[in-house]
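**Student:** Provided below are the primary sequence and the corresponding predicted coordinates.
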Amino acid sequence: MGQQNLPNSTAALVLGILSIPGCCCYGLGLIFGIVAWVLAAGDIKKYRLNPNLYAISSYKNTKAGKVCAIIGSILSLLYIICIILMIAVFGWAALRDPELMKELLREKGLGN
């Protein structure tokens with residue numbers, strides 16, 4: 001009997017890849033990243049317990065999905081922190097009104 005694919009390798013890879021562009025979607029990338037991270041961790045554990053049972057290409061896809069998930073999760077966290085800092089510094093109203101934001105930036109000496 002031939003080697004089989006890890007059960008969640010494709011899902012981990014797809015979710016890991018989606019977590020990177022999803023990092024600019026207010027936490028969506030973080031959700032994709034965490035789910036991909038968990039799926040990949042489970043598959044890596046299965047592969048390490050019985051490497052002869054699973055195809056190496058499936059294992060490589062799982063590892064790539066985990067790396068993408070880590071990158072997407074970190075970028076998502078940084079984006080969320082930036083949004084929180086902007087709300088703390090400028091307020092919610094300034095984020096919703098571009099003219100108010102320009103005025104606040106001019107007052108702080110950061111705008112034209």
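**Tutor:** Nice, thanks for sending it over. Numbers count the residues shown, from 1 in each chain.
**Student:** centroid residue for the chain?
**Tutor:** In the chain, the residue lying closest to the centroid (C-alpha atoms, centre = their mean) is Gly72, at 2.5 Å.
**Student:** ok, that residue to Ser9 distance?
**Tutor:** According to C-beta to C-beta, to the nearest Å, Gly72 and Ser9 sit 17 Å apart. (Each C-beta comes from the backbone N, C-alpha and C, glycine too.)
**Student:** again with Pro21
**Tutor:** Taking C-beta to C-beta as the criterion, Pro21 is separated from Ser9 by 21 Å.
**Student:** and these two? Which one has more around it.
**Tutor:** Counted by other C-beta atoms under 10 Å, Pro21 and Ser9 do not tie: Ser9 has more neighbours, with 26 against 13.
**Student:** show me where this protein has helices.
**Tutor:** Using DSSP state H, the helices of the chain run over 9-19, 28-49, 56-90, 92-96, 98-107.
**Student:** turn those into a markdown table, including distance to Gln3.
**Tutor:** Shown next, in a markdown table, are the helices of the chain (distance: least, C-beta to C-beta, whole Å):
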| stretch | distance to Gln3 |
| --- | --- |
| helix 9-19 | 12 |
| helix 28-49 | 11 |
| helix 56-90 | 8 |
| helix 92-96 | 52 |
| helix 98-107 | 56 |
